[in-house]
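A.B. asks: mind folding the following:
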Amino acid sequence: MKNSENDLKDYNDLNKAREIFINEIAKNIHLYDISHSVGRLYGTLFFSEDPMTLDEMSEALGMSKTSMSTGIRSLLEADMVERVWEKGIRKDLYRTEEDWYRSFSNVFITRWRNSTEQNMKAIKETKVLLEALNERTENEKIKDLVKLDLTKLSQAEAYYKWLDDVISVFETGEIFNIVPKKDC
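C.D. replies: Below is the predicted model:
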C-alpha cells in the first residue's frame, strides 16, 4: 500500500510540475493569436505520451468536444499540432508539432506577411490621394502637410520593404544560418 501512495503522490507532483508550463503557455499564446483555453489544450497535448482524440482532449480539459474541435483547428492553422494516423484507430488523432522553430516561422510569416501587404496597400492608396490633393490645392499649408505626409509614408514604405526582407529570411530558412537552432 505504501508504494501506491508514493506513486499517487509522484503523479500529483508530476501534474503540478506540468501545470506550471501549461499555465505559462496558455498565458502567452495570445502572441500566436490563439486563446488562453486553446493554449491549455496545446499544453495538454504537449505533455501527452500518445496522440489524443477530440474525446480524450474533451475529457482531459473538461470542455466540450466542439470546443476541442475549434481549438484543434486553430492549432492546425498555426502549424502547432499535426493530425496523425495509427492503425486500428478510426478517429482523428493529434499531437504537437515537434519542430517549434517551424511552427514559429510559419505563424510569423503568415501574420507578418499579411499585415505588411495590407499596410503597403494602404500606403499606396494614401499616396495616390495625397498626390491628387497636392495637385488640386492652392493652399500652401496643405501642400506642406501633404509633403510631410508623403515623406512619412516613404519612410514607412522603406520599413515595410525591410520587413518583407526579414519575412523572406524566415521563408527561406536563412534565419537558422543567422540564429542557429539550439540543440537540447
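A.B. asks: least confident secondary structure element in the protein?
C.D. replies: Of all helical and strand segments in the chain, the minimum by mean pLDDT, DSSP states H and E falls on helix 2-28, at a mean of 91.
A.B. asks: output the contacting helices and strands for it.
C.D. replies: helix 36-47 (3 or more CB pairs under 8 Å, 6 or more residues apart in numbering; DSSP states H and E). C-beta here means a position set from N, CA and C on the backbone, and glycine is covered the same way.
A.B. asks: list of residues touching the helix it packs on?
C.D. replies: Helix 36-47 has contacts (CB atoms under 8 Å, 6 or more residues apart in numbering) with 18, 21-23, 25-30, 34, 52, 57, 60-61, 63, 67-68, 70-72, 74-75, 80-81, 94-96.
A.B. asks: now the terminal residues of stretch 169-183, how far apart.
C.D. replies: From its first residue to its last, stretch 169-183 covers 21 Å (CA to CA, to the nearest Å).
A.B. asks: what separates it from the chain centre, distance-wise?
C.D. replies: 18 Å (CA atoms, centre = their mean, to the nearest Å).
A.B. asks: also stretch 170-184?
C.D. replies: 18 Å.
A.B. asks: just give me the longest helix of the chain.
C.D. replies: helix 100-136 (DSSP state H).
A.B. asks: what about the helix or strand that it is followed by, distance to the chain center?
C.D. replies: Downstream of helix 100-136, the first helix or strand assigned by DSSP states H and E is helix 140-172. The chain centroid and the centroid of helix 140-172 are separated by 25 Å under CA atoms, centre = their mean.
A.B. asks: can you list the residues that contact the helix or strand that helix 140-172 is followed by?
C.D. replies: Where DSSP H and E defines the elements, the next helix or strand beyond helix 140-172 is helix 175-178. By CB under 8 Å, 6+ apart, the residues outside helix 175-178 that reach it are 101, 105, 169.
A.B. asks: out of those, which are buried?
C.D. replies: Among those, those that count as buried by neighbour count (16 or more other CB atoms under 10 Å) are residue 105.
A.B. asks: got the angle between the longest helix of the chain and helix 140-172?
C.D. replies: Following axes from the mean of the first three to the mean of the last three CA atoms, to 10 degrees, one obtains 160 degrees for the angle between helix 100-136 and helix 140-172.
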